[in-house]
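> just to be clear, the model below is a prediction. Sequence and coordinates:
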There are 2 protein chains.
Amino acid sequence: MKVITITEMDVRDLRFPTSLLADGSDAMHADPDYSCAYVTIKTDNGVSGHGMTFTLGRGTEIVVEACKSMSRLVKGERADEIFANFGSFWRKLTSDSQLRWIGPEKGVTHLATAAIVNALWDLWARIEGKPVWKLLADLSPEQLVSTVDFRYITDVITKEEVIKMLREKESGKAEREKFLMINGYPAYTTQVGWLGYSDQKVRQLCHKFLKLGFTSFKAKVGQNVQDDIRRCQLIRESIGYKNNLMLDANQTWDVPEAIEWVKKLAQFKPIWIEEPTSPDDILGHAEIARNLKPYGIGVATGEMCANRVIFKQLLQAKAIQFCQIDSARIGGINEILSVYFMAAKFGVRVCPHAGGVGLCEMVQHLQMWDFISLSGSSDGRVIEYVDQQHEHFEDTINIENAHYMPPSAPGYSTKFKNSSLLDYEYPHGREWQRLFQNGTFQKPID
Amino acid sequence: MKVITITEMDVRDLRFPTSLLADGSDAMHADPDYSCAYVTIKTDNGVSGHGMTFTLGRGTEIVVEACKSMSRLVKGERADEIFANFGSFWRKLTSDSQLRWIGPEKGVTHLATAAIVNALWDLWARIEGKPVWKLLADLSPEQLVSTVDFRYITDVITKEEVIKMLREKESGKAEREKFLMINGYPAYTTQVGWLGYSDQKVRQLCHKFLKLGFTSFKAKVGQNVQDDIRRCQLIRESIGYKNNLMLDANQTWDVPEAIEWVKKLAQFKPIWIEEPTSPDDILGHAEIARNLKPYGIGVATGEMCANRVIFKQLLQAKAIQFCQIDSARIGGINEILSVYFMAAKFGVRVCPHAGGVGLCEMVQHLQMWDFISLSGSSDGRVIEYVDQQHEHFEDTINIENAHYMPPSAPGYSTKFKNSSLLDYEYPHGREWQRLFQNGTFQKPID
């Protein structure tokens, strides 16, 4: 790659007023306004990279502030040098001797890292003229491991082991890529069971998604066990027992409560219970998994796990049967790759979290790379799918017969349309001004 | 308590240019500028509360932004109602349905929680006219547990168990308080072995602190094993083998590396190795502890542990022999109390982290309360002590014969002098303006 210097890094606060429709409502997040901190990295060769981290409304301004504070680590750097040794740059970004104190590698600063790192991958893919999944699939095993910081995970996996794993899967890559181009990657829907939805709406949506070809359906639980039983019954009546049902508690329970509650829902044969308790509680998830194993219910978590060290332990402790990486959390693609490597080593299936702004757009690339290069399989694996906010992206996702079809445009599919930026930048965007003016939302006080 | 309403919440960015002297330098934080986000909560009865969270310079602006964003949850609230049911308010502060996504309960937003919550305790103690340690010691067991949110820890400890533990220690409280007033609480010094110090300076400081009556000394390790051996030898030559040596690696190692490295230092008989690896790695710390047990070396960690859920697991997994709560991290006193409760149940000694701005000031209160009300003992326990930045506080700490003497002024000892605010507020304070002008520091770009 020729010399390319990063000249600018812009950050924007984008928010969508999703709380108006109770879309995305769950046991812990009653009224989310799907949002993101949106990073644009400009270079001296004219190509720009666009990346984001997902947020729920309030607090986006804090992540934006963190991105701005970290921009000094990005501006003026050579993009070509970053991509040649991305793992080292990633460590530099997460190890600033003063900044790391307010993490480390978790919360706001790590979300900011994800936004910046995702913008860099988008930039890299655009320079190469490939979608990110193809860029990843075309990297040699040595190049791929050079993007990852193995600090704190070498007790479980090493560069050498990963190179060996990737080599073993090299023979079938071309066939799998071809298969993917024709068949796509299986998706599941969460859209039948947000907590804020009425029974009638749930039933209606089950039928809609069945018609669209979906075979896996997820419902939110955890506010009231009688309601949960009623809703599970209702969904099973609609989708039958040949299709998959997954349940999601969004961290609402303590460990003993989780075990008792889920046992009461076991009659509906869910394949997993997602986020039964605190995302930091590795030993708690392990205890829940041990207790639910006799019922054939697996434990799934990941969308709010802080970093690779937490994932490492969830795998070591046999605490999860489904690994739910999130494309906007942990430190961007580089760190997510390390989670894929560890999951492959432990034989645990990755079923990515998606749904919030940009998450479907990004995570399809990662799961497709995994299919081609690492696990070599989509058996028992599904990508979450929610059809919201896709219209705001230049390269929109393409779902056919409940499968994600491989994106073809260069990049990470996260460049917003200009009109969406003008409408939804918070608080000055046109749509927000309208919502303040008509009293639907309160204007923020400065 | 009469009706008291919170009318205002101010937040300031205070920084001290400690990097100029390599004070506080360790294997991961080469050049800290000891700093804090400083919160002042004003009420309609004239009493104000002052609280802070510690930071290392860059990034303080992000924590300040988080405090400002959270102020909407504080302003207009009734202080008397908060203190009557502090656990519920704490949950409200940490569970905002939109904000929690960018944590939850970790990193920037949890540091901001700590600053706000610490200011509330300072306010409460000032209203009661007592230092915080005395306020805590005078609360009934029922009142004390009402300040704590037991969410996510009920699998290990319940309110009822804590009340029983506290009741069992009620008989000797008066004697222990008297003992404390006369003898104080034992301190240890970290100031002999920052990594940036020369051998001569280390030797000099060992002699200085020996003379002052210290019997426990901590040194930083982890950059180079030969240097560590030389420095340990040098410290042991100065302090002998009757005194305690502790080692601190500040998260520099991977798990297998930690075990091998510390074995090489075992000849110097350290009582603990502190922060051998990532603060998120519960299973890693447990593995290190298992391997170092035959050498009589315990594992200590806590200053960067995110929350009570991490501490719970460190205790469950027998990963720590010394529990190092930090008064400026996790969600302030309320959550720290839950860690004390769990440590007491597991029989693990709490030896608080201190040293950064305000940490000694705050943590002495907590450990003194523990001595009076919970553990009832200071055996094998010490509070970290570093003599930096104390001159900036109105109620300065009082060390006599290497013991913290109980503070007598009402509050949490964290109210800054007005002159220090004028000098060190960043970037507009007088001292910072001087340092920018003479070129010692670069002015931040906005």
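Arrived safely. Numbers count the residues shown, from 1 in each chain, chains lettered A, B, ... in the order given.
> so, low pLDDT: which residues of chain A?
Chain A contains residues with pLDDT under 70 at A:23-24, A:446.
> neighbours of the residue in it positioned nearest to chain B, how many?
The minimum distance from chain A to chain B, using CB to the nearest CB, falls at A:G107 (1.9 Å). Placement of C-beta: from N, CA and C, glycine included. For A:G107, the neighbour count with other CB atoms under 10 Å in any protein chain shown is 27.
> now do the same end-to-end measure for stretch A:189-205.
End-to-end distance for stretch A:189-205, by CA to CA, to the nearest Å: 10 Å.
> what comes up buried for it?
Buried residues in stretch A:189-205, counted by 16 or more other CB atoms under 10 Å in any protein chain shown: A:189-195, A:197, A:202-203, A:205.
> the strands in the stretch 251-400 of chain A, which residues?
Listed in chain order, the strands of the stretch 251-400 of chain A (DSSP state E, counting those that start in this stretch) span residues A:272-274, A:298-301, A:322-323, A:349-350, A:383-385, A:399-400.
> and those strands, which is most packed in?
When you average the neighbours per residue for each of these (mean count of other CB atoms under 10 Å in any protein chain shown), strand A:272-274 leads with a mean of 27.
> show me what it is packed against.
Packed against strand A:272-274 by the contact rule (3 or more CB pairs under 8 Å, 6 or more residues apart in numbering or on different chains; DSSP states H and E) you find strand A:244-248, strand A:298-301.
> number of nearby residues for the nearest residue to A:N183 once chain neighbours are set aside?
With sequence-adjacent residues excluded and distances taken as CB to CB, 6 or more residues apart in numbering or on different chains, A:N183 is closest to A:H403, at 6.4 Å. By the criterion of other CB under 10 Å, A:H403 has 21 neighbours.
> beta partners for A:H403?
Beta bridges link A:H403 to A:P186, A:E400, judged by DSSP bridges.
> show me what contacts it?
Contact analysis of A:H403 by CB atoms under 8 Å, 6 or more residues apart in numbering or on different chains lists A:183-187, A:213.
> same thing but at 6 Å, please
Listed by CB atoms under 6 Å, 6 or more residues apart in numbering or on different chains, the contact set of A:H403 reads A:184-186.
> if you count neighbours, what's buried in stretch A:380-393?
A:381-386, A:388-390, A:392-393.
> likewise for stretch A:8-15?
Per 16+ other CB under 10 Å, stretch A:8-15 contains these buried residues: A:9, A:11-15.
> with just CA atoms, put that stretch into CSV.
What follows is stretch A:8-15, C-alpha atoms only, in CSV (Å, rounded to 0.1, in the frame of the first residue of the first chain):
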residue,chain,number,x,y,z
GLU,A,8,-8.9,14.4,10.1
MET,A,9,-11.2,12.6,12.4
ASP,A,10,-14.8,13.9,12.8
VAL,A,11,-17.3,12.6,15.4
ARG,A,12,-21.0,13.0,15.4
ASP,A,13,-23.9,12.2,17.8
LEU,A,14,-26.7,10.6,15.8
ARG,A,15,-30.0,9.6,17.5
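> gap between it and the chain center?
A distance of 19 Å separates the centroid of the chain from that of stretch A:8-15, by CA atoms, centre = their mean, to the nearest Å.
> got a list of contacts for it?
A:33, A:35-36, A:38-42, A:57, A:60-61, A:64, A:67-68, A:71, A:74-75, A:424-426.
> what's the answer for stretch A:218-234, then?
Residues from elsewhere that reach stretch A:218-234 (CB under 6 Å, 6+ apart): A:26-27, A:190, A:193-195, A:199, A:202, A:235, A:246-249, A:252, A:261, A:264-265, A:268.
> please redo it, this time with the cut-off set to 8 Å
Counting by CB under 8 Å, 6+ apart, residues outside stretch A:218-234 touching it are A:25-27, A:188-190, A:192-195, A:199, A:202-203, A:235, A:245-250, A:252-253, A:261, A:264-265, A:268, A:270, A:274, A:384.
> give me the subset of these lying in helices.
In helices, defined here by DSSP state H, the members of these are A:199, A:202-203, A:235, A:261, A:264-265.
> show me which pair in those residues is furthest apart.
Using CB to CB, the two most remote members of these are A:R203 and A:W261, lying 23.4 Å apart.
> thinking again about what came up before, and chain B, which of the contacts of stretch A:8-15 contact it?
A:33, A:57, A:61 (CB under 8 Å from any CB of the partner chain).
> in PyMOL, select just the buried ones from those.
Burial among these is assessed by 16+ other CB under 10 Å; the matching PyMOL selection reads:
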select buried, chain A and resi 33+57+61
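> go through the ones next to chain B among the contacts of stretch A:8-15 and flag which are in strands.
Secondary structure assignment by DSSP state E places none of those in strands.
> where do the helices of the stretch 251-400 of chain A begin and end?
Under the criterion DSSP state H, counting those that start in this stretch, the stretch 251-400 of chain A contains helices at A:255-265, A:282-292, A:308-316, A:332-346, A:359-369.
> for the last one, name the packing helices and strands.
The reference is to helix A:359-369. Applying 3+ CB pairs under 8 Å, 6+ apart, one finds that helix A:359-369 contacts helix A:132-138, strand A:185-193, helix A:332-346, strand A:383-385, strand A:403-404.
> that helix vs strand A:185-193, what angle?
Note on geometry: by axes from the mean of the first three to the mean of the last three CA atoms, to 10 degrees, helix A:359-369 and strand A:185-193 are set 150 degrees apart in direction.
> what do you get for the longest one?
When the same axes, to 10 degrees is applied, the directions of helix A:332-346 and strand A:185-193 differ by 100 degrees.
> ok, the second one next?
Interaxial angle of helix A:282-292 relative to strand A:185-193 (the same axes, to 10 degrees): 90 degrees.
> cool, and the first one?
Relative orientation of helix A:255-265 with respect to strand A:185-193: 90 degrees, computed using the same axes, to 10 degrees.
> same check, this time on the third one
Between the axis of helix A:308-316 and that of strand A:185-193 there is an angle of 90 degrees, by the same axes, to 10 degrees.
> for helix A:308-316, the distance to its chain's centre please.
On CA atoms, centre = their mean, the centre of helix A:308-316 falls 17 Å from that of its chain.
> that helix close to chain B?
Yes. Under the criterion of CB under 8 Å from any CB, chain B is reached by helix A:308-316 at A:309-310, A:312-313, A:316.
> repeat that for the longest one.
No. Using CB under 8 Å from any CB, helix A:332-346 stays clear of chain B, coming no nearer than 12.8 Å.
> buried residues, that helix. List them.
So, applying 16+ other CB under 10 Å, buried residues of helix A:332-346: A:332-344, A:346.
> ok so, going back, let's see which of the contacts of stretch A:8-15 end up in helices.
Counting by DSSP H, the part of these found in helices is A:60-61, A:64, A:67-68, A:424.
> just flag the most distant two among the residues you listed.
Farthest pair in the ones in helices among the contacts of stretch A:8-15 (CB to CB) is A:K68 and A:Y424. Separation: 19.4 Å.
> more neighbours: these two, which one.
Higher neighbour count among A:K68 and A:Y424: A:Y424, with 24 against 19, using other CB under 10 Å.
> let me see the contact set for that one.
So A:Y424 contacts A:14-16, A:392, A:431-432 (CB under 8 Å, 6+ apart).
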